[in-house]
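J.: Sequence first, then the predicted structure, then my questions.
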Amino acid sequence: MATKKAADRPNVSKEDLLKYYREMLLIRRFEEKAGQFTAWA
């Protein structure tokens, strides 16, 4: 498996990564709740 060089990685700050992660979790929680409600209905 090839490893990426530092120059090949996108330049994203740690704060941005945390923001994206929190948004992803929020969306996932919403989708799980929506799935529960549609299964219940």
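T.: The structure has been received and is ready for your questions.

J.: Point out where the chain drops to low pLDDT.
T.: Applying pLDDT under 70 to the chain flags residues 1-4, 6, 41.

J.: tell me which element the residue nearest the centre of it is part of?
T.: With distances taken as C-alpha atoms, centre = their mean, the residue of the chain nearest its centroid is Met24 (3.4 Å). Assigned by DSSP states H and E, Met24 belongs to helix 14-40.

J.: returning to what we had before: for the residue nearest to the centre of the chain, what are its contacts?
T.: Taking C-beta atoms under 8 Å, 6 or more residues apart in numbering, we find Met24 in contact with no residue. In short, each C-beta sits where N, CA and C put it, glycine included.

J.: ok, it to Trp40 distance?
T.: 25 Å (C-beta to C-beta, to the nearest Å).

J.: now do Lys14
T.: 39 Å.

J.: swap in Leu25?
T.: For Leu25 relative to Trp40 (C-beta to C-beta), the value is 23 Å.

J.: Between the two, which has more neighbouring residues?
T.: Leu25 (10 against 6; other C-beta atoms under 10 Å).

J.: and stretch 26-41, which residues are buried?
T.: Judged by neighbour count using 16 or more other C-beta atoms under 10 Å, stretch 26-41 contains no buried positions.

J.: how about that stretch as CSV, C-alpha atoms only?
T.: As requested, the backbone C-alpha atoms of stretch 26-41 are provided in CSV (Å, rounded to 0.1, in the frame of the first residue of the first chain):
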residue,chain,number,x,y,z
LEU,A,26,-25.1,15.8,13.4
ILE,A,27,-26.3,14.7,10.0
ARG,A,28,-25.9,11.0,11.0
ARG,A,29,-27.9,11.5,14.2
PHE,A,30,-30.7,13.2,12.2
GLU,A,31,-30.7,10.4,9.6
GLU,A,32,-31.0,7.8,12.4
LYS,A,33,-33.9,9.6,14.1
ALA,A,34,-35.6,10.1,10.7
GLY,A,35,-35.2,6.3,10.1
GLN,A,36,-36.8,5.6,13.5
PHE,A,37,-39.7,7.8,12.8
THR,A,38,-40.3,6.3,9.4
ALA,A,39,-40.1,2.8,10.8
TRP,A,40,-42.5,3.7,13.5
ALA,A,41,-45.1,5.3,11.2
